[in-house]
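In: Mind looking at a prediction? Sequence and model below.
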Amino acid sequence: MNEDFSIPSMSQQIDMTWLETVSPEDMRRVVEALYRVHSFLTAIPDLDTLLTRIAEESCGVAGAEAASVMLYDPVTDELYFQVAVGDSGDQETLKEEIRLQLGQGVAGAAAQLRECIVVDDAATDTRVYKEADIASQFETRNLLAVPMIDRDDLIGVLEVVNKADGATWSELDLKVMTVFASLSATAVTHARLIETKIKNERLTAIGQAIAGLSHYTKNIVTGLSSSADLIDMGLERDDLQVLRKSWPIFQRSTRRIVNCVQDMLSFSKERTPLREEVDVAKLITEAYENFEELLNKRKITVIIDTSGLRSSFYADSQGLYRCITNLLLNAADVVADVDGVIRITSKTREDGGLYMEVQDNGAGINPELMNKIFDPFFSTKGSQGTGLGLAVTQKIVEEHGGTLTALNVSDGGASFQIVLPQQGLPYESIEPK
């Protein structure tokens, strides 16, 4: 994020010269509270937690039984309880049921007038909204309400309720609550700006992902449609040559759709691997044979070496198959026709874990993109890829407690190395070259 969301210092927000009239003991107490609240602004990222801490400090420094923060909803022109702390009765009822129009209740009046309101006797003050006490089963004896204003915008109202020992609210209470209200307003504004920016970034990312998937599936559907038309024509003419030419295209397009759907399903939810005894060599062979026709047509050489496998391995067979398939197709996309070479190597580690490597002789990975290749929906293939293959592979590997590492090899091309622990034990290192 490029915007500066740093919290302004207290001296930039509120004139603090009034502290000079406060006794040394009260000054120490107030300054310590102000210091703690100001430190919350940069240390606590969650808005509810931050406002709760500010309300708790308000209770402490003002000697109140309870405190609350009400936020302003400009759409409905109402105040609603966001945070309530202390002995304030049924707090959930306050949050769920009580909303005040501007001018309604003491908080509504403070918000409408944008002025602090002190109530020393709630029983006789007609501005007190007694329905809130009835709903929360709480008795308000006195209260202090301070509007939360940021850059002339109404943010809400900070209230402290029931001064301890029957005392009245002092000038010190009013000044401190004014500072707390200002800091709270700034915190809410900054939190909303950050939330809006994050939401916009997410919407942009979702839009880009949908656009990428749409282009990718459109290409596949076009291939399916064209090959289906040719198949229909071959059937009508009883032309076996047309059928033989069209059927492989139809099969390849179908496989691409299936792979895309499986990747999306794998990426969409967390899952615990269903471990079973897996013949890794057989799994690699099956993945290769599924795309053998396509690879042979492009005259890509695939070299498989599973001689280092000593025994079966316990893993989620479907998940491991997806990893092999995704890395194989990823390599096939980057190597040249005729001269393309893909090496798939797998062996058992000395500790019983599994090592697997898929290496190609393509152009390698752009160093500037190395930290992005596992990001979901990131693709260098334009409309020819979903950007999910490597992200899904990494997710499956990590669900097994393993690691997936990408690097460029010295003689050209890229290498993707998987290390899986036996029976879910974590390993951090990769097989040395």
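Out: Nice, thanks for sending it over. All figures in this text were calculated on a predicted structure; none of them were measured in a lab.
In: okay, now the domains of this protein?
Out: Per automatic domain parsing, the domain ranges recorded for the chain read 10-197, 207-268, 276-424.
In: now those in TSV, with mean pLDDT and mean neighbour count?
Out: Just so you know, the C-beta spots here come from the backbone N, C-alpha and C atoms, and that holds for glycine as well. Shown next, in TSV, are those (pLDDT from 0 to 100; neighbours: other CB atoms under 10 Å):
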stretch	mean pLDDT	mean neighbour count
domain 10-197	83	18
domain 207-268	69	15
domain 276-424	86	18
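In: and the helix or strand where Gln359 lies, what does it pack onto?
Out: If you go by DSSP states H and E, Gln359 is part of strand 354-360. If contacts are counted by 3 or more CB pairs under 8 Å, 6 or more residues apart in numbering; DSSP states H and E, strand 354-360 sits against helix 317-334, strand 341-348, strand 414-420.
In: Pull the residues that contact that strand.
Out: With contact meaning CB atoms under 8 Å, 6 or more residues apart in numbering, strand 354-360 is reached by 280, 308, 313, 315, 323-324, 327-328, 330-331, 334-335, 340-349, 402, 409, 413-420, 422, 430-431.
In: one more time with 7 Å
Out: 280, 313, 327-328, 331, 334-335, 342-349, 409, 413-420, 431 (CB atoms under 7 Å, 6 or more residues apart in numbering).
In: can you check stretch 361-375 too?
Out: 334-335, 340-341, 378, 380, 390-391, 394, 406, 408, 412-414.
In: Repeat that for stretch 91-106.
Out: Under CB under 7 Å, 6+ apart, the answer for stretch 91-106 is 77-81, 84, 107-109, 111-112, 117, 119, 127-129, 132, 135-136, 143, 145.
In: got it, and stretch 333-347?
Out: With CB under 7 Å, 6+ apart as the test, stretch 333-347 has contacts from 280, 284, 298-306, 308-309, 328, 331-332, 354-363, 381.
In: start to end distance for that stretch?
Out: End-to-end distance of stretch 333-347 (CA to CA, to the nearest Å): 25 Å.
In: What is the distance between that stretch and the centre of its chain?
Out: The chain centroid and the centroid of stretch 333-347 are separated by 35 Å under CA atoms, centre = their mean, to the nearest Å.
In: For this protein, which segments count as helices?
Out: With DSSP state H, the ranges of helices along the chain come out as 10-13, 24-43, 47-62, 91-97, 105-113, 130-136, 171-237, 240-268, 280-290, 292-297, 317-334, 389-399.
In: can you give me how far the fourth one is from the chain middle?
Out: Okay, so that is helix 91-97. That offset, for helix 91-97, works out to 29 Å (CA atoms, centre = their mean).
In: now do the third one
Out: Between the mean C-alpha location of helix 47-62 and the chain-wide mean there is a distance of 27 Å, by CA atoms, centre = their mean.
In: next one: the second one
Out: Distance of helix 24-43 from its chain centroid, counting by CA atoms, centre = their mean, is 33 Å.
In: Understood, closing this out.
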